[in-house]
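[1] please find the sequence and the predicted model below.
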Number of protein chains: 2
Amino acid sequence: MGVTKSKIFTEHQNKLAKIAKVLGHPARIAILEYIFKANTCICNDLVDEIGLAQATISQHLKELKSISLISGTIEGKKVCYCINKQRWDEVQQELVNFFKSDQDASCC
Amino acid sequence: MGVTKSKIFTEHQNKLAKIAKVLGHPARIAILEYIFKANTCICNDLVDEIGLAQATISQHLKELKSISLISGTIEGKKVCYCINKQRWDEVQQELVNFFKSDQDASCC
DNA sequence: ATTTATTATCGTAATATTGCAATGATAAAA
DNA sequence: TTTTATCATTGCAATATTACGATAATAAAT
């Protein structure tokens, strides 16, 4: 089908999966790394840096905005993208919590 | 196209994205949570617990095995799945490293 | 040997994702 | 006003993902 049965999962499971899904493309990892390094950038910087078409980069930026990991501020004819630090930390915490455990992990 | 241009990204970007992609489905989050809680389980446990068809669960398990997050040991006619703790910690570290930073994140 | 239990794989249908060219939309510059 | 720069959106083609029924494959149980 290609359609995820979201209803049978908890809200938290869906939220966490959504975050991971957005991070699940190398272009979006590259975009985040670049913005982090540069602190701020415009769409065309990423087009030059990464080597995908402008439309494609724009789509990836939209995905990243959909989980509020980045935000874009209109500055004249440019849009200035930057990391949403608060959300960034929040997402990191979500992931850490998922992996955290005091289990033995005694295997079979 | 629907095909990712892996060649234009670094190996690390591709690896990280692959991990995130595998985590990017609520069924796989649910599977990991269940195995973690139960410490160990068989495929049918997950079918009962999650409510997807056996074929579907089997496919998700395959994805999780593809990044070595879990491993399956044949025990008679059952297959005993458990978390690969070493890999688990490794993956956690990868993600933490990605999010770690001492940037100001001064925005525009 | 036959049945039963468990899991993997194959085939298929529905939907989603990726990527890009073309086109809009907007604001600055000429 | 026209041009230029920047970015978003639309439409499309190619490919990937999700889900499941049907079918193997294997080993235990009868």
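    Nice, I can see it.

[2] what bits of chain A have low per-residue confidence?
    Counting by pLDDT under 70, the ranges of chain A that qualify are A:101-108.

[3] so which bits of it are right by DNA strand C?
    A:1-3, A:21, A:24-25, A:27, A:52-56, A:59-60, A:63, A:74, A:76-77 (CB under 7 Å from any atom of the strand). Every residue, glycine included, has its C-beta placed from N, CA and C.

[4] give me the subset of those residues that lies in helices.
    A:21, A:27, A:54, A:55, A:56, A:59, A:60, A:63 (DSSP state H).

[5] anything in the longest helix along chain A near chain B?
    Ranked by residue count and defined by DSSP H, the top helix of chain A is helix A:85-99. Yes: applying CB under 8 Å from any CB of the partner chain, one finds helix A:85-99 touching chain B at A:85, A:88, A:89, A:91, A:92, A:95, A:96, A:98, A:99.

[6] next, the angle from that helix to helix B:85-99.
    Between helix A:85-99 and helix B:85-99, the angle comes out at 180 degrees (axes from the mean of the first three to the mean of the last three CA atoms, to 10 degrees).

[7] now do helix A:85-99: which elements does it pack against?
    Judged by 3 or more CB pairs under 8 Å, 6 or more residues apart in numbering or on different chains; DSSP states H and E, the packing partners of helix A:85-99 are helix A:11-23, helix B:85-99.

[8] residues in contact with stretch A:45-60?
    Stretch A:45-60 is contacted from outside by A:25, A:27, A:28, A:30, A:31, A:34, A:38, A:43, A:44, A:61, B:5, B:8, using CB atoms under 8 Å, 6 or more residues apart in numbering or on different chains.

[9] name only those of those that count as buried.
    By neighbour count, with 16 or more other CB atoms under 10 Å in any protein chain shown, the contacts of stretch A:45-60 hold A:25, A:27, A:28, A:30, A:31, A:43, A:61 as buried.

[10] so the fifth one sits right up against residue A:62, yeah?
    So that's residue A:31. No: in this structure residue A:31 lies outside contact range of residue A:62 using CB atoms under 8 Å: 11.2 Å.

[11] anything in stretch A:21-38 near DNA strand D?
    No: under the criterion of CB under 7 Å from any atom of the strand, DNA strand D is not reached by stretch A:21-38; the shortest gap measures 7.6 Å.
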